[in-house]
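Visitor: Coordinates for the following, if possible.
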Amino acid sequence: MPDAGEIARIERDHCLDHPAEAADLAIVFGNRIAVAGMAQAAASLFLNCHIPRLLVTGGATPGGPATEAAVIADAIVALGVPSDALILEHRATHTGENVTLSLPLIAAAGLLSARRVFCVGLFCTGRRYAMTLHRHWPAPAKRCRAVEYGPVRRGAWHLDARARDRVLGDVAKVPRYLAAGHIAEWPSPPGSPI
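Guide: Below you'll find the model as predicted:
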C-alpha cells in the first residue's frame with residue numbers, strides 16, 4: 001500500500017488531467033473499459049472547447065467484433081459530434097501503435113502542424129500517453145484529459161486492490177519504456193513549453 005506522499009506523487013505526475021482548452025486535435029486512446037467516459041470527455045472537448053478534430057484509435061480486442069475506435073466513435077457521435085469531425089484508426093493493439101498508426105492519418109488530415117493536442121485516456125495513463133506521443137511527435141504541446149472508471153478514481157484508487165494494481169502497474173511501465181526508447185521524457189525540463 002503506497003503512503004499518502006506516494007499517492008499524491010502518482011496523482012500529480014501520472015494521472016494528468018489538464019483544464020479543457022482549445023486545441024487543434026484530440027487523440028482518444030481506445031479501450032473497452034471506459035467507453036462512455038471516453039466518449040463524454042472527447043465530445044466535451046469538441047463541443048465546448050472548439051477542438052475541430054477527434055482522432056479515435058484502437059483495434060480489435062476481446063469483447064466484441066467492432067474495433068475499440070468504432071465503439072468509442074459511435075458513442076461520441078451519439079453525444080452530438082458529427083461523424084465527419086472524427087478520424088478513425090482501427091488497427092492499433094497497444095499505446096505505441098495508437099500513435100505510430102495514427103500519425104499517417106494525422107498527416108493526411110493536414111494536422112501535422114498542430115500546435116496543441118489533447119490525449120484523452122484512462123485516468124492512470126495520462127503521462128504515458130503524452131510521453132508516447134512526445135516520442136513520435138514532439139512538436140505540439142500536449143495536454144491530457146483523464147477518464148476515471150470504476151474504482152480507478154482520483155483520491156480513491158489505492159483503496160481498491162484491483163484499482164491499486166492497475167495504477168501501480170501503469171506507473172511501473174514508465175521507467176522501463178523510457179529505457180527501451182518507447183517513450184520520451186515529458187513534460188520537458190522546467191522553462192520549456194509543454
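Visitor: average pLDDT for stretch 112-127?
Guide: Mean pLDDT, stretch 112-127: 96.
Visitor: List the buried residues of it.
Guide: 114, 116-127 (16 or more other Cβ atoms under 10 Å). Where C-beta positions appear, they are placed from N, C-alpha and C, glycine not excepted.
Visitor: okay if I get those residues as CSV plus secondary structure and distance to Leu168?
Guide: Listed next are the buried residues of stretch 112-127 as CSV, based on DSSP: H, G, I helix; E, B strand; the rest coil; distance: Cβ to Cβ, whole Å:
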residue, secondary structure, distance to Leu168
Ala114, coil, 33
Arg116, strand, 30
Val117, strand, 27
Phe118, strand, 25
Cys119, strand, 21
Val120, strand, 22
Gly121, strand, 17
Leu122, strand, 14
Phe123, helix, 13
Cys124, helix, 9
Thr125, helix, 12
Gly126, helix, 15
Arg127, helix, 14
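Visitor: so who does Ile106 touch?
Guide: Leu25, Leu55, Ile87, Leu112, Ala114, Trp137 (Cβ atoms under 8 Å, 6 or more residues apart in numbering).
Visitor: From those residues, which land in strands?
Guide: Leu25, Leu55, Ile87 (DSSP state E).
Visitor: Most widely separated two among the contacts of Ile106?
Guide: The span of the contacts of Ile106, defined through Cβ to Cβ, is set by Ile87 and Trp137 at 14.4 Å.
Visitor: Between these two, which has more neighbouring residues?
Guide: Ile87 (21 against 18; other Cβ atoms under 10 Å).
Visitor: Thought Ala42 was touching that one, still the case?
Guide: No - counting by Cβ atoms under 8 Å, Ala42 is not a contact partner of Ile87; they are 11.8 Å apart.
Visitor: Noted, bye for now.
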